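Q: Here is my input, please return the structure:
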Amino acid sequence: MTSKKLRSELLSEKRLSEQFFESLLESAPDAMVIVDRSGEIAIVNGQAEEMFGYTREEMQGKKIEFLLPERIRERHIGHRTSYTADPTLRPMGIGMELHGCRRDGTEFPVEISLSPVSTEAGSFVSSVIRDVTKRKEMEIGLIEARQDAERAHKANSAFLAAASHDLRQPVQALSLLNGALRRTVTEERALEMLNSQNQSLTAMTNLLNSLLDISRLDAGAVTPEIEEFPIKRLIDQLSPEFSRQAIQQGLSFESTHCGASVRTDPILLTEIIQNLVSNSLRYTESGSVRLVCKKSGSDCRVEVRDTGIGIESDQLEKIFDAFHQCKTPGSSKEGFGLGLAIVSRLADLLGHEVNVESTPGQGSCFCITLPLVEKHVDTTVARSASVDTEELHKAIGLVILIEDDEPVADALKLLLETEGYTVATATTKAEAIVLMEHLHSTPVLIVSDYHLADSSTGVETIAAIRDSSNEEIPALIITGDTSQVVSDARNVANSTLLSKPIDPDYLLQLAKTAIASGLVDESN
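A: Numbering: from 1, shown residues only. Sure, this is the predicted structure:
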């Protein structure tokens, strides 16, 4: 082969390589800019022209800083020099927001990958540049959407807290006034009307509680606080009230426990059991309702059994849906069908399984399965506040009432006075402290709302009253707030936390027992 022919073939191969390189450069999906060691632009592709708005001729020979916003050009020279001294394949500006600058002066966000290129003509740096404007806009949109959702969630939670308190206040006042009137009115016809009114108030209370509970659950405003505790403690607390409700309906109620300790949220579990028992009482016309606790392997099964109307098999999958009510003949029309929906949501939140077995005409069994724990040492000191009937009749004295809602305060004062108590009232912690300085006898009971007008709490006020008297006076804390904010009220010694609207008969029974014994009974 002659030297002429060899040179011709070599030139041909070089042209083919250049054409291949140019074709590869132009077909790249992103803008590509190749600079030499001094930072001058040597080669650009068509995507770079389109991205920056300059022609190749306008860019070639310019320093790479020509394509950056003016405010960062000087700083970039240092970065470029540092990279040239130790070139590696890597993203540019890790952890930094990078921007390019178009011909018209507009800035736009970019991502840049750098890679060193060695050729016969020298060393170069290849930059692959991607316009990420749309992606950044999407990210900003997602951030704003998340922030909007968080604001909506906070607003919804605030609304539910306010609604929970504000809606319960007038219902509480009506219920207390009804209780006071039933103790003072003697005319038979008037008593019938008051009893009928009381039944309507009870139904309204149950509906209000259910609607607020389901709203809080759907809004994600309920956070479990898991702990280990003996199941006996919870069942003993609930059984007296269940027995009272059953007796009013002509039913019998029994409860048994297995001595097990479980791991769950005791407050939310209490709500589950209350809804299950209330549901059984509602759909049982005669016979009994039983609350049974028993061990099953590594689990503890809490069952609510009744001899009620039962549930048809085609209804079993629907009974946990919100607003669903069984169409079984004889079923009560009371309620919105929210009790079991609340049970289902709470169980899901806690990770507990709920099952139901039922036979129409014979009854139903609802079961929730809880995780057993090793033998739990209950450090709570059990208080026995049992007193005989004669001691209850002697339960009189001065009650200090702290309530900043005037209608509720007036109704509660009237209710207590109808039972023979002397009642001194205050609306804030400061007023209560001043009141204690002018009392001639020590109060036998404190009844306080949780949230007070001066931003103080019932917990703080009770502590101040006890400090003033130097006695651990029994206390009832009443609240319409169902959020975790009031959790500190559950830890106050010789007291109990009650949710509005509270039944007047139940409130008076608690007051009598506490005054007669000097202790707030834990079984309540």
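
Q: Spatially nearest residue to Ser118 (excluding sequence neighbours)?
A: In this structure, Ser118 finds its nearest non-sequential neighbour in Phe124, 7.8 Å apart by Cβ to Cβ, 6 or more residues apart in numbering. Glycine gets a C-beta too; all of them are placed from N, C-alpha and C.

Q: Quickly find the element holding that neighbour.
A: Using DSSP states H and E, Phe124 maps to strand 122-131.

Q: same check, this time on Glu417
A: Per DSSP H and E: Glu417 is located in helix 406-418.

Q: cool, and Lys136?
A: Short version, using DSSP H and E: Lys136 is in helix 133-184.

Q: the inter-axis angle of that helix versus helix 406-418?
A: If you take axes from the mean of the first three to the mean of the last three Cα atoms, to 10 degrees, helix 133-184 sits at 30 degrees to helix 406-418.

Q: Now do the same for helix 133-184: mean pLDDT, whole number.
A: Per-residue pLDDT over helix 133-184 has a mean of 79.

Q: what packs against the very next helix or strand once past that helix?
A: As assigned by DSSP H and E, the chain's next helix or strand after helix 133-184 is helix 188-218. Contacting helix 188-218 under the criterion 3 or more Cβ pairs under 8 Å, 6 or more residues apart in numbering; DSSP states H and E are the following elements: helix 133-184, helix 339-350.

Q: Pull out the buried positions in helix 188-218.
A: 194, 197-198, 201-202, 205-206, 208-210, 212-214, 216-217 (16 or more other Cβ atoms under 10 Å).

Q: Surely Leu217 and Asp348 touch.
A: No: judged on Cβ atoms under 8 Å, Leu217 makes no contact with Asp348 at a distance of 9.2 Å.

Q: how far is the helix holding Lys136 from where the chain is centred?
A: 11 Å (Cα atoms, centre = their mean, to the nearest Å).

Q: angle of that helix against helix 188-218?
A: Taking the same axes, to 10 degrees, one finds helix 133-184 and helix 188-218 inclined to each other by 160 degrees.

Q: looking at it, the residue nearest to Ser118 is touching Gly39, isn't it?
A: No: between Phe124 and Gly39 there is no contact under Cβ under 8 Å: 10.7 Å.

Q: quick one, domains of this structure?
A: According to automatic domain parsing, the chain comprises the domains 19-131, 225-380, 389-517.

Q: okay if I get these as JSON lines plus mean neighbour count and distance to Leu176?
A: Putting the domains of the chain into JSON lines (neighbours: other Cβ atoms under 10 Å; distance: least, Cβ to Cβ, whole Å) gives the following:
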{"stretch": "domain 19-131", "mean neighbour count": "15", "distance to Leu176": "62"}
{"stretch": "domain 225-380", "mean neighbour count": "17", "distance to Leu176": "18"}
{"stretch": "domain 389-517", "mean neighbour count": "19", "distance to Leu176": "4"}
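
Q: With distance to Met138 added, can I get those in JSON lines?
A: Below are those laid out as JSON lines (distance: least, Cβ to Cβ, whole Å):
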{"stretch": "domain 19-131", "distance to Met138": "12"}
{"stretch": "domain 225-380", "distance to Met138": "32"}
{"stretch": "domain 389-517", "distance to Met138": "35"}
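
Q: who wins for proximity to Val185 among the ones you listed?
A: domain 389-517 (10.5 Å; Cβ to Cβ).

Q: Show me what the mean pLDDT comes to for the closest one.
A: Mean per-residue pLDDT for domain 389-517: 87.

Q: circling back: between the domains of the chain, which one is nearest to Ala152?
A: Comparing the domains of the chain by Cβ to Cβ, domain 389-517 comes nearest, at 17.2 Å.

Q: about what we covered before: nearest to Glu150, of the domains of the chain?
A: Between the domains of the chain, domain 389-517 lies closest to Glu150; by Cβ to Cβ that is 17.2 Å.

Q: Surely Glu285 and Gly310 touch.
A: No: using Cβ under 8 Å, Glu285 is not in contact with Gly310, being 11.5 Å away.

Q: Could you confirm Val35 falls within a strand?
A: Yes: under DSSP: H, G, I helix; E, B strand; the rest coil, Val35 falls within a strand.

Q: And the closest residue in space to it that isn't next to it in sequence, how close does it get to Gly78?
A: Excluding the flanking residues, the one nearest Val35 by Cβ to Cβ, 6+ apart is Ile64, at 5.0 Å. Distance of Ile64 to Gly78, given as Cβ to Cβ, to the nearest Å: 13 Å.
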